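Undergrad: Mind folding the following:
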Amino acid sequence: MSDVGALLAPHGLRPLGDCADGDSTITLIGPDEPAFWPIFVTSPEYKDGQPDPMDRWSTRIITELAVTVGAEPIFPFGGPPYAPFFTWAKQTGRFWASPIGFLVHDTVGLFTSFRGALRWKKPALIGNRPQPCLTCAQPCVTACPVGAFSDGYDVAACKAHVISEAGTACRTGGCLARRACPVGQGIRLPAQSAFHMEAFL
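TA: This is a model prediction of the structure:
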């Protein structure tokens with residue numbers, strides 16, 4: 001894990017957890033924030049004006065890394081079918097379903113995101129940390145101004161709010177419910193959150 005971490009760091013990425021997959025290991029990869037965004041925006045994919053710059057950048061970087069370490073690269077986009085990242089994440093011992101249904105990670109909280117994964121032959125380092133939500137006041141539950149998480153996830157209500165004038169804070173700085181999580185609070189730069197919100201809309 002430390003070796004792949006050293007290879008990922010110059011790209012603003014980090015390993016987020018391992019899970020066993022038959023006789024192989026899946027290593028999940030995500031942004032190492034706040035270092036990630038300033039690195040990504042200097043990439044040719046970000047600058048070329050073509051669609052899906054972050055997915056294309058992730059494909060290039062993680063595929064190159066996979067070749068270096070002798071692994072198979074896997075991505076959460078490009079389907080269907082889609083790789084079971086949510087299931088893998090919960091098997092790492094470092095992710096859980098949060099009170100609002102989104103994945104929460106032991107160090108990055110609700111700003112969990114995946115840029116890809118490696119499937120390779122190495123021992124799986126399964127986490128054993130306590131779920132942070134069990135001892136948390138759970139401010140994420142009440143942070144949404146339109147109660148989009150009151151009964152499951154009301155995507156339509158969320159989008160309607162985000163595109164409105166009242167939703168400026170969510171649109172430009174990121175989801176208020178995600179930002180309310182005390183784990184990893186403040187690690188995601190507003191520009192990166194705005195990028196993801198634009199893609200969401």
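Undergrad: what secondary structure does the nearest residue to Tyr153 once chain neighbours are set aside sit in?
TA: In space, and not counting its chain neighbours, Tyr153 is closest to Gly101: 5.6 Å by CB to CB, 6 or more residues apart in numbering. C-beta coordinates here come from the backbone N, C-alpha and C atoms, glycine included. Three-state call for Gly101 (DSSP: H, G, I helix; E, B strand; the rest coil): coil.
Undergrad: for this structure, what are the low-confidence residue spans?
TA: Within the chain, the stretches with pLDDT under 70 are 1-2.
Undergrad: now the helices: where do they sit in it?
TA: Assigned by DSSP state H, the chain shows helices spanning 2-8, 36-40, 44-47, 53-69, 85-91, 140-143, 155-163, 168-173, 176-180, 190-200.
Undergrad: most packed of these?
TA: For the helices of the chain, the largest average neighbour count (mean count of other CB atoms under 10 Å) is found in helix 176-180, namely a mean of 21.
Undergrad: Does anything pack onto that helix? Which helices or strands?
TA: When contacts are defined as 3 or more CB pairs under 8 Å, 6 or more residues apart in numbering; DSSP states H and E, helix 176-180 sits against helix 140-143, helix 168-173.
Undergrad: quick one: the residue nearest the centre of the chain from Gly184, how far?
TA: By CA atoms, centre = their mean, the chain has its centre lying nearest to Ser113, at 0.6 Å. Computed as CB to CB, to the nearest Å, the Ser113 to Gly184 distance reads 12 Å.
Undergrad: same thing with His11?
TA: Distance from His11 to Gly184, by CB to CB: 19 Å.
Undergrad: So between these two, which is more surrounded?
TA: A direct count of neighbours by other CB atoms under 10 Å for His11 and Gly184 places His11 higher, at 23 against 19.
Undergrad: surely that one meets Pro38?
TA: No: counting by CB atoms under 8 Å, His11 does not reach Pro38; the two are 11.5 Å apart.
Undergrad: which stretch among the helices of the chain comes nearest Gly109?
TA: Gly109 sits nearest to helix 176-180 of all these, at 7.7 Å, using CB to CB.
Undergrad: Let's see that closest one as CSV, backbone CA atoms only.
TA: Presented in CSV, the C-alpha positions along helix 176-180 are these (Å, rounded to 0.1, in the frame of the first residue of the first chain):
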residue,chain,number,x,y,z
LEU,A,176,-24.0,21.3,2.4
ALA,A,177,-24.8,17.9,3.8
ARG,A,178,-21.4,16.6,2.7
ARG,A,179,-19.7,19.7,4.0
ALA,A,180,-21.3,19.2,7.4
